[in-house]
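*Asks:* could you work out the structure for the sequence below:
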Amino acid sequence: MRTQHSEPSEPSEPAPAEPVADRTRVDELDLALVHALQVNTRAPWTLIGEALDIDPVTAARRWERLARSGAAWVDGYLALDRDEGSVYAQVEIDTGGHLPESVLTSLAADSRMLSLKQTSGGRDLLAIVGASSFDDLARYTGERISRLPGVRGTRIHVITAVPFEGAQWRLRSLTPGQRAVLRPEYARNTDAESPVPDEPIRPIDRRIAHALGTDGRMPLSGLARATGASTATVRRRLRVLTAGGRLSLRCTLARPLTEFPVSAVYFGSVPAENLDPAVQALRTLPGLRMCSITAGTHNLILDIWLRTLAEVHTTEALLNRRLADVGLRITERAVVLRTLKHAGRLLDRRGHSVGAVPLRSTGD
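*Replies:* Have a look, this model is predicted:
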């Protein structure tokens with residue numbers, strides 16, 4: 001008989017980074033395990049084992065191997081468009097093609113940076129950054145980023161909404177029945193008489209999100225120590241944050257190990273009155289990883305994973321056909337040459353995790 005645990009087991013310390021990425025292989029069970037953790041990121045191994053019909057110890061050992069190699073990881077952060085106390089933006093950074101590794105390392109290690117990519121096209125780097133206010137955003141880009149050696153200029157696209165992001169993206173390894181077994185408790189709760197309140201973000205919530213940015217499966221006991229709060233308080237705030245959609249928890253598999261080894265960014269615009277129908281048309285687009293609605297030169301920035309380089313153009317043609325009725329106009333497309341930081345996770349040149357610098361939008 002299997003024993004149900006109320007929280008994930010204590011994580012092992014990550015092994016030092018080593019050049020194992022090229023040797024990393026994932027099989028169907030590994031993919032199913034990652035998909036299971038995408039459905040229910042903090043599920044106990046007993047539940048994972050039940051859904052996958054394997055021993056919980058096997059599931060835990062499989063995950064440890066993936067995590068130690070940097071092939072997969074779990075982390076969390078406050079949802080960008082549900083964090084009233086912060087401002088987020090996509091920031092284009094121009095360096096004239098001159099990209100000293102020291103500058104890239106400095107930017108990636110900055111806790112204001114959620115993500116950082118080197119791209120083709122009209123900018124050298126594309127970042128997602130967080131700030132405590134518009135003034136703070138202006139100062140950060142003007143005084144911190146723009147003064148780095150080699151940086152020639154920046155362009156800011158303030159994010160006004162994020163209708164789709166990576167935590168919602170799924171592999172396709174599990175059956176509907178398996179997904180139903182894994183459905184998180186808050187998603188099962190349909191009791192209208194005891195709804196989870198949607199409360200404003202509190203300081204404790206930021207501490208919880210920061211701790212989860214290092215280990216999204218950190219047990220409640222570890223979260224309590226990391227945040228200086230009681231286990232009961234952490235449990236309650238986690239329930240409020242997840243049920244209210246204010247906390248994004250994601251399980252990520254290194255992109256080269258998926259069926260989507262190419263990443264592209266599309267910059268486009270639709271008339272403001274057509275943003276809602278445009279978003280609805282985009283939701284079923286294969287490979288869509290993030291859709292940002294922005295106030296800037298473009299009002300849509302799309303991150304899409306692709307199977308081949310040729311799909312950069314066929315996907316643009318698909319976007320034009322699917323969103324013709326709402327007046328979509330793709331103004332630029334770019335291929336991601338290198339991802340240095342992905343949702344707070346530092347990546348090596350092969351897309352594997354080598355560490356974490358979680359987001360602190362307030363800079364404290």
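*Asks:* same for the lengthiest strand in the chain, what does it pack against?
*Replies:* Counting by DSSP state E, the longest strand found in the chain is strand 329-342. Judged by 3 or more Cβ pairs under 8 Å, 6 or more residues apart in numbering; DSSP states H and E, the packing partners of strand 329-342 are helix 101-108, strand 113-119, strand 262-269, helix 311-322, strand 345-347. C-beta: built from backbone N, CA, C; applies to glycine.
*Asks:* looking at those, spot the one closest to Leu37.
*Replies:* Closest approach to Leu37 among those (Cβ to Cβ): strand 345-347, 14.8 Å.
*Asks:* for the closest one, which helices and strands make contact with it?
*Replies:* Judged by 3+ Cβ pairs under 8 Å, 6+ apart, strand 345-347 is in contact with strand 329-342, strand 353-356.
*Asks:* nearest to Ile48, of those?
*Replies:* When the helices and strands packed on strand 345-347 are compared by Cβ to Cβ, strand 353-356 sits nearest Ile48, at 20.2 Å.
*Asks:* that closest one pairs with which strands, parallel or anti?
*Replies:* Strand 353-356 sits in its sheet next to strand 345-347 (antiparallel), going by DSSP bridges.
*Asks:* residues contacting the strand it pairs with, please?
*Replies:* Contacting residues not belonging to strand 345-347 are listed as 73, 75, 108-109, 252, 254, 339-341, 353-357 [Cβ atoms under 8 Å, 6 or more residues apart in numbering].
*Asks:* for the buried ones among those, write the corresponding ChimeraX selection.
*Replies:* To isolate the buried members of these in ChimeraX, using 16 or more other Cβ atoms under 10 Å:
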select :73,75,108,252,254,339,340,341,353,354,355,356,357
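*Asks:* the helices in the stretch 51-200 of the chain, which residues?
*Replies:* Under the criterion DSSP state H, counting those that start in this stretch, helices of the stretch 51-200 of the chain are mapped to 56-69, 101-108, 134-139, 176-182, 185-188.
*Asks:* from the chain's centre, how far out does the second one sit?
*Replies:* Read it as helix 101-108. Relative to the mean C-alpha coordinate of its chain, helix 101-108 is positioned 20 Å out (Cα atoms, centre = their mean, to the nearest Å).
*Asks:* one more: the longest one?
*Replies:* For helix 56-69, the gap between its own C-alpha mean and the chain's C-alpha mean amounts to 21 Å (Cα atoms, centre = their mean).
*Asks:* can I get that helix in PDB? Just the C-alpha atoms.
*Replies:* What follows is helix 56-69, C-alpha atoms only, in PDB (Å, rounded to 0.1, in the frame of the first residue of the first chain):
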ATOM      1  CA  PRO A  56       7.200   6.500  -6.200                       C
ATOM      2  CA  VAL A  57      10.900   5.800  -5.500                       C
ATOM      3  CA  THR A  58      11.500   5.200  -9.200                       C
ATOM      4  CA  ALA A  59       9.800   8.500 -10.000                       C
ATOM      5  CA  ALA A  60      11.900  10.400  -7.500                       C
ATOM      6  CA  ARG A  61      15.100   8.800  -8.700                       C
ATOM      7  CA  ARG A  62      14.300   9.600 -12.300                       C
ATOM      8  CA  TRP A  63      13.600  13.200 -11.500                       C
ATOM      9  CA  GLU A  64      16.800  13.500  -9.500                       C
ATOM     10  CA  ARG A  65      18.800  12.300 -12.500                       C
ATOM     11  CA  LEU A  66      17.100  14.800 -14.800                       C
ATOM     12  CA  ALA A  67      17.500  17.700 -12.300                       C
ATOM     13  CA  ARG A  68      21.200  16.900 -11.500                       C
ATOM     14  CA  SER A  69      22.100  16.900 -15.200                       C
END
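*Asks:* buried set for it?
*Replies:* By neighbour count on 16+ other Cβ under 10 Å, the buried set for helix 56-69 is 56, 59-60, 62-63, 66-67, 69.
*Asks:* ok, of those, which one's closest to Ala138?
*Replies:* Distances from Ala138 to the buried residues of helix 56-69, taken by Cβ to Cβ, are shortest for Ala67, at 38.1 Å.
*Asks:* who's the spatially closest residue to Gly121 that is not a sequence neighbour bridged to?
*Replies:* In space, and not counting its chain neighbours, Gly121 is closest to Ala334: 3.6 Å by Cβ to Cβ, 6 or more residues apart in numbering. Beta bridges link Ala334 to Val265 when assigned by DSSP bridges.
*Asks:* what about Ala334, how many residues nearby?
*Replies:* 20 (other Cβ atoms under 10 Å).
*Asks:* and if you look at Arg112?
*Replies:* 23.
*Asks:* same question, Leu31
*Replies:* Residues lying near Leu31 (other Cβ under 10 Å) number 19.
*Asks:* contact partners for it?
*Replies:* For Leu31, the contact set (Cβ under 8 Å, 6+ apart) comprises 171, 173, 253.
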